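Colleague: Show me how the following folds:
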Amino acid sequence: MDRIWLKSYPPGVPADIELGKLRTLAEIFEDSCARYGDSPAYVQMGHTLSYRQLEELSRAFAAYLQKTTRIAKGERFAIMLPNALQYPIAMFAALRAGLAVVNTNPLYTPPELEHQLNDSGAVAILVLENFAHVVEKVLPRTKVKHVFVTGVGDLLGFPKGGIVNYVIRNVHKQVRPWHIEGVVPFKAALKAGSQLTLDPVEISPGDLAYLQYTGGTTGVAKGAMLTHANICANVQQAEAWVEPQFRHKTATLVTPIPLYHIFALTANCLLFLRLGWRNILIINPRDFPAVIKELKRYPFAFITGVNTLFNALLNTPGFDSIDFSSLQITLGGGMAVQAVGPHGNLTCRLHQSTSGGVQRVDRAADSFDRGGHQE
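Modeller: Numbers count the residues shown, from 1 in each chain. Here you go, the predicted model:
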């Protein structure tokens with residue numbers, strides 16, 4: 001069959017990938033951490049976690065899951081977090097322990113959460129304390145036996161972390177009262193796990209890596225079964241697409257969309273972990289002034305988003321003063337990227353704000369536009 005879409009591929013992007021080159025996500029993770037060592041991996045609210053620290057913390061939590069909770073390989077581990085440092089630590093820990101990750105929207109209502117936990121068969125969950133009251137409501141009607149709770153500032157160091165948690169709890173009052181018997185603080189699990197040894201886990205490409213739930217817009221949300229081989233192939237495809245652009249160079253990306261969605265999970269978290277980039281995590285993308293502040297703080301080469309986010313940022317004071325000189329790719333997905341808005345063509349607006357030009361990948365249209373203009 002004539003693959004006419006290949007004519008639209010930019011120079012350097014291969015027509016095919018070598019399936020099986022990457023076997024498991026655990027291997028990708030461990031290889032990247034060994035390769036990039038003390039390079040910055042993730043940044044939350046100005047606090048940086050290196051690849052070496054990421055490996056150590058994820059190993060500690062994986063060891064805790066393996067030795068203390070004794071969760072068996074193949075069981076389901078739910079993560080109910082926004083974009084915080086705790087997310088990659090816990091996710092990669094679960095994968096290294098041979099568990100299947102169930103990404104859970106922190107904004108779920110109790111019925112939505114109860115359905116997902118029961119449908120997935122999750123036996124453990126890590127939740128941000130802001131949403132622990134929702135877990136408390138549904139816990140007795142689920143199979144969850146182990147609950148880990150963390151605060152926004154828990155991994156931000158002293159004194160910043162304590163200040164952030166105090167403000168969230170006592171000034172903004174964003175943490176409702178909750179009580180869960182036997183709950184384990186995430187920081188306590190990390191500390192205990194650092195004294196344990198993670199036994200090797202035999203993970204095969206066909207093992208389940210994620211139960212990734214659909215939005216449920218046309219019915220009850222359903223869990224898509226994604227194996228290590230599935231996601232590794234996707235990482236290879238994405239790497240083949242962007243590698244010619246960056247020529248094996250590391251840089252900075254911004255992640256304003258939630259990692260618990262498959263879009264950011266694959267396009268931001270997994271791909272750029274493989275490439276060794278610094279990932280700026282935006283914990284609340286709805287706080288547009290805060291997003292603008294972060295964009296001003298770090299010269300970035302890559303950013304993802306959806307149309308509503310892009311439009312909101314264009315209308316937020318301070319957008320025009322962002323330095324876009326390092327930006328090379330803007331990735332829009334999840335929905336069509338609007339051609340015309342209050343400021344004219346959305347991508348052209350970004351283009352006009354840069355000195356080097358913008359490339360945009362519109363995943364919804366499955367197209368690659370090298371000039372930064374939407375057709």
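Colleague: could you point out where this protein is predicted with low confidence?
Modeller: Where the chain drops to pLDDT under 70, the residues are 1, 339-375.
Colleague: can you do 90?
Modeller: 1-2, 8, 10-12, 19-20, 214-221, 241-249, 329, 332-375 (pLDDT under 90).
Colleague: quick one: the helices in it?
Modeller: 25-36, 51-64, 86-96, 110-120, 132-138, 160-166, 186-193, 228-246, 262-264, 271-275, 288-297, 307-314, 346-352 (DSSP state H).
Colleague: what's the spacing between the most centrally placed residue in the chain and residue 27?
Modeller: With distances taken as C-alpha atoms, centre = their mean, the residue of the chain nearest its centroid is residue 259 (2.6 Å). Between residue 259 and residue 27 the computed distance is 20 Å (C-beta to C-beta, to the nearest Å). Backbone N, C-alpha and C define where each C-beta goes, glycine included.
Colleague: can you check residue 51 too?
Modeller: In this view, residue 51 and residue 27 are 15 Å apart by C-beta to C-beta.
Colleague: And the contacts of stretch 182-202?
Modeller: Residues outside stretch 182-202 that contact it (C-beta atoms under 8 Å, 6 or more residues apart in numbering): 26, 56-57, 59-68, 73, 86, 89-90, 96-98, 126, 132, 146-150, 154-155.
Colleague: Please apply the same query to stretch 228-237.
Modeller: Under the criterion C-beta under 8 Å, 6+ apart, residues 17-26, 28, 203-207, 209-210, 266, 270-271, 274 lie in contact with stretch 228-237.
Colleague: quick one, which of residue 51 and residue 27 is more surrounded?
Modeller: More neighbours surround residue 51 than the other of residue 51 and residue 27, with 22 against 16 (other C-beta atoms under 10 Å).
Colleague: State the distance from the more buried one to residue 272.
Modeller: Residue 51 sits 12 Å away from residue 272, taking C-beta to C-beta as the criterion.
Colleague: Then residue 238?
Modeller: Distance of residue 238 to residue 272, computed by C-beta to C-beta: 9 Å.
Colleague: who has more neighbours, those two?
Modeller: Neighbour totals were compared for residue 238 and residue 272, and residue 272 leads with 24 against 20 (other C-beta under 10 Å).
Colleague: pretty sure the more buried one is touching residue 251, no?
Modeller: No: Residue 272 lies out of contact with residue 251 (C-beta atoms under 8 Å); the separation is 9.0 Å.
Colleague: so what sits against both of the two?
Modeller: Common contacts of residue 272 and residue 251 (C-beta under 8 Å, 6+ apart): residue 302.
Colleague: count of neighbours near the nearest residue to residue 67 once chain neighbours are set aside?
Modeller: The shortest distance from residue 67 to any non-neighbouring residue, by C-beta to C-beta, 6 or more residues apart in numbering, is to residue 196 (4.8 Å). Using other C-beta under 10 Å, residue 196 has 16 neighbouring residues.
Colleague: where's residue 196 relative to residue 287, distance?
Modeller: Residue 196 is 38 Å from residue 287, where distance means C-beta to C-beta.
Colleague: And for residue 252?
Modeller: Going from residue 252 to residue 287 by C-beta to C-beta gives 20 Å.
Colleague: Residue 152 now?
Modeller: Per C-beta to C-beta, residue 152 is found 13 Å from residue 287.
Colleague: Residue 333: which of the helices of the chain is closest?
Modeller: Evaluated with C-beta to C-beta, these place helix 262-264 nearest to residue 333, the distance being 5.0 Å.
Colleague: on that earlier part again, which of residue 252 and residue 287 has more neighbours?
Modeller: Each of residue 252 and residue 287 has its neighbours counted (other C-beta under 10 Å); residue 252 has more, 18 against 13.
Colleague: The more buried one contacts residue 277, correct?
Modeller: Yes: counting by C-beta under 8 Å, residue 252 does reach residue 277; the two are 6.5 Å apart.
Colleague: intersection of neighbour lists for those two?
Modeller: Common contacts of residue 252 and residue 277, defined by C-beta under 8 Å, 6+ apart, comprise residue 302.
Colleague: okay but residue 209 is in contact with residue 99, surely?
Modeller: No: using C-beta under 8 Å, residue 209 is not in contact with residue 99; the gap is 9.1 Å.
Colleague: which neighbours do these two share?
Modeller: Residues within reach of residue 209 and of residue 99 at once, by C-beta under 8 Å, 6+ apart: there are none.
Colleague: Burial check on residue 336, number of neighbours?
Modeller: Applying other C-beta under 10 Å, we find 13 other residues in the vicinity of residue 336.
Colleague: Equivalent analysis for residue 230, please.
Modeller: Residue 230 has 17 neighbouring residues, counting by other C-beta under 10 Å.
Colleague: Can you give the domain ranges for the chain?
Modeller: For the chain, automatic domain parsing gives the domain ranges 50-227, 229-363.
Colleague: closest to residue 5 out of these?
Modeller: domain 229-363 (12.7 Å).
Colleague: now that closest one, how far from the centre of its chain.
Modeller: Domain 229-363 sits 13 Å away from the centroid of its parent chain (C-alpha atoms, centre = their mean, to the nearest Å).
Colleague: before we move on, what about stretch 168-175?
Modeller: Computed by C-alpha atoms, centre = their mean, the chain-centroid distance of stretch 168-175 equals 25 Å.
Colleague: tally of neighbours for residue 184?
Modeller: Around residue 184 there are 18 residues (other C-beta under 10 Å).
Colleague: Would you check how far apart it and residue 321 are?
Modeller: 44 Å.
Colleague: what do you get for residue 23?
Modeller: Per C-beta to C-beta, residue 23 is found 45 Å from residue 321.
Colleague: Next: residue 267.
Modeller: Distance, residue 267 to residue 321, using C-beta to C-beta: 27 Å.
Colleague: Look at the two and report which has more neighbours.
Modeller: residue 267 (24 against 10).
Colleague: gap between the more buried one and residue 204?
Modeller: In this view, residue 267 and residue 204 are 25 Å apart by C-beta to C-beta.
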